[in-house]
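Asks: here is a sequence with its predicted model. Questions after.
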Amino acid sequence: MSQYPPSGVLFTNNRKRSDKSPDYTGKLELSDEVLQDLMSQMDRGVEKPVLSLIGWKKVSQKTGNTFLSLLGNKFEENPNHEVSSDQSGKLDDSIPF
């Protein structure tokens with residue numbers, strides 16, 4: 001079992017074949033809690049369930065390339081209509097990717 005929370009990364013797409021190719025590619029793992037929240041939103045009739053994404057700009061120690069380290073959380077809307085993340089302080093900043 002991984003010692004890190006479910007997380008993800010976005011790297012610059014160095015294999016673009018056309019202007020329509022994505023600028024970034026990567027993956028995002030979601031926790032059971034986030035998946036359950038998305039399913040709950042659907043059960044409540046939310047047409048397009050939402051999750052909160054937070055990210056950190058990092059530089060790979062191996063290649064020197066810049067990338068975004070991501071974390072997906074349950075979506076919670078603040079009264080000020082700002083996106084909030086309930087796990088923003090829980091990410092171990094030493095994730096090695």
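Replies: On my side now, so go ahead.
Asks: can you pull the contacts of residue 34?
Replies: Residue 34 sits next to 6, 51, 72, 73, 74 when contact means Cβ atoms under 8 Å, 6 or more residues apart in numbering. C-beta: built from backbone N, CA, C; applies to glycine.
Asks: in strands only, show me those.
Replies: Among the contacts of residue 34, DSSP state E puts 51, 72, 73, 74 in strands.
Asks: what two of these are the furthest from one another?
Replies: Farthest-apart pair in the ones in strands among the contacts of residue 34 is 72 and 74; separation 8.8 Å (Cβ to Cβ).
Asks: intersection of neighbour lists for these two?
Replies: Common neighbours of residue 72 and residue 74 (Cβ under 8 Å, 6+ apart) are 34, 51, 52.
Asks: buried sites along stretch 25-42?
Replies: Going by neighbour count (16 or more other Cβ atoms under 10 Å), the buried part of stretch 25-42 is 26, 30, 31, 34, 37, 38, 41.
Asks: would a markdown table of those residues with pLDDT, secondary structure and distance to residue 58 be doable?
Replies: Below are the buried residues of stretch 25-42 laid out as a markdown table (pLDDT from 0 to 100; DSSP: H, G, I helix; E, B strand; the rest coil; distance: Cβ to Cβ, whole Å):
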| residue | pLDDT | secondary structure | distance to residue 58 |
| --- | --- | --- | --- |
| 26 | 97 | strand | 12 |
| 30 | 95 | coil | 20 |
| 31 | 95 | coil | 21 |
| 34 | 95 | helix | 22 |
| 37 | 96 | helix | 26 |
| 38 | 97 | helix | 26 |
| 41 | 96 | helix | 30 |
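Asks: looking at those residues, which one is closest to residue 64?
Replies: Nearest to residue 64 among these, with distances taken as Cβ to Cβ, is residue 26, at 17.6 Å.
Asks: now do the contacts for the closest residue to the closest one other than its chain neighbours.
Replies: Excluding the flanking residues, the one nearest residue 26 by Cβ to Cβ, 6 or more residues apart in numbering is residue 10, at 4.0 Å. Residue 10 is in contact with 24, 25, 26, 55, 67, 68, 70, counting by Cβ under 8 Å, 6+ apart.
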